[in-house]
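> Sequence and computational prediction follow.
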Amino acid sequence: MDNTHTKQNNAHPISNPKPGAKQGKVIIFSAPSGSGKTTIVQHLLKNYDQFGFSVSACTREKRAFEVDGKDYHFLTVDEFEKKKAADEFVEWEKVYEGKYYGTLKSEVQGLRNTGKHVLFDVDVQGGINLKQYYQQDALSIFVEVPSEEELAKRLRSRKTETEESLKQRLAKVKEEMRFKDQFDKVVTNHVLDKTLKEVEKIIKDFIG
Ligand code: 5GP
């Protein structure tokens with residue numbers, strides 16, 4: 001959380017918008033992992049075709065159900081470093097020890113140029129950095145967990161974590177909660193169906 005690597009002075013489109021297409025907006029979901037933000041993003045992608053997903057690059061191991069290029073672009077640390085050096089990221093973070101995650105400029109601009117609104121599923125610092133970068137083109141939403149106990153329960157039931165990585169994730173949550181006031185909207189995910197409706201309304205008001 002201590003390192004901020006957003007580069008704010010190089011917002012050059014990688015390609016031009018399709019003739020007649022309006023640039024899509026940027027909708028950022030940030031939250032401690034386990035809050036349900038990924039479920040919310042997946043729901044929006046499945047049900048509304050005006051959204052596209054910014055597939056991040058990351059260096060963690062692929063989970064069994066994940067697809068390279070769809071969930072993440074899975075890279076080695078070396079490959080990630082090369083992209084960093086080539087200035088290919090809008091923002092990147094060391095989210096966990098040795099695990100890098102970053103938003104690729106090419107990914108975002110390609111989608112926005114087709115007129116799609118781009119959805120992001122990023123950590124809290126990444127969300128703050130993306131909002132700073134895209135400013136009024138962006139809506140940032142913090143998805144809050146009802147309680148720490150509930151979060152631990154959700155992460156355990158997901159069975160994707162070892163006890164060690166669970167510990168790391170829970171420690172990060174406390175710190176991340178401190179930043180929620182820096183987001184445009186805060187949504188508490190008690191009951192998923194209600195949360196989805198609330199989020200749809202917030203987004204509708206933003207994109208018009
Ligand atoms: P997971 O390993 O559970 O897929 O993701 C761990 C955390 O990294 C989540 O909070 C996720 O939202 C965040 N994350 C995913 N992609 C990016 C990214 O491109 N940038 C940043 N800053 N965080 C990301």
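Ah, there it is. Note that the structure is predicted; figures quoted are calculated from it, not measured.

> can you map out the helices along the chain?
37-47, 77-85, 105-113, 124-134, 148-158, 163-177, 192-207 (DSSP state H).

> what about the second one, near the ligand?
Yep, that's helix 77-85 we're talking about. No - using Cβ under 6 Å from any ligand atom, helix 77-85 stays clear of the ligand, coming no nearer than 10.9 Å. Placement of C-beta: from N, CA and C, glycine included.

> name the helices or strands packed onto that helix?
If you count contacts as 3 or more Cβ pairs under 8 Å, 6 or more residues apart in numbering; DSSP states H and E, helix 77-85 packs onto strand 56-58, strand 89-96, strand 99-104.

> Rounded mean pLDDT for the longest one, please.
When you say that, I think you mean strand 89-96. Per-region confidence: strand 89-96 scores 94 on mean pLDDT.

> Show which residues not belonging to stretch 67-74 make contact with it.
For stretch 67-74, contacts defined as Cβ atoms under 8 Å, 6 or more residues apart in numbering pick out 55, 56, 57, 58, 59, 60, 61, 62, 66, 104.

> same thing but at 6 Å, please
Residues outside stretch 67-74 that contact it (Cβ atoms under 6 Å, 6 or more residues apart in numbering) are 55, 56, 57, 58, 62.

> Kindly report the same for stretch 80-95.
5-6, 59, 100-105, 123, 125-126, 129-130, 133.

> Buried ones among those residues?
Neighbour counting by 16 or more other Cβ atoms under 10 Å classes 6, 59, 100-105, 123, 125-126, 129-130, 133 among those as buried.

> Farthest pair within the residues you listed?
59 and 133 (21.8 Å; Cβ to Cβ).

> Enumerate the residues of the chain near the ligand.
By Cβ under 6 Å from any ligand atom, the residues of the chain that approach the ligand are 33, 56, 58, 60, 91, 93, 95, 101-103, 121-123, 126.

> which one of those residues sits closest to residue 146?
Distances from residue 146 to the residues of the chain next to the ligand, taken by Cβ to Cβ, are shortest for residue 33, at 15.0 Å.

> any idea how far the residue nearest to the closest one when sequence neighbours are not counted is from residue 116?
Nearest non-adjacent residue to residue 33, counting by Cβ to Cβ, 6 or more residues apart in numbering: residue 169, 5.7 Å away. From residue 169 across to residue 116, the span is 30 Å (Cβ to Cβ, to the nearest Å).

> same question, residue 175
Distance of residue 175 to residue 116, given as Cβ to Cβ: 32 Å.

> re earlier: any chance of the helices and strands packed on helix 77-85 in TSV with distance to residue 137 as columns?
TSV is the format used below for the helices and strands packed on helix 77-85 (distance: least, Cβ to Cβ, whole Å):
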stretch	distance to residue 137
strand 56-58	19
strand 89-96	12
strand 99-104	14
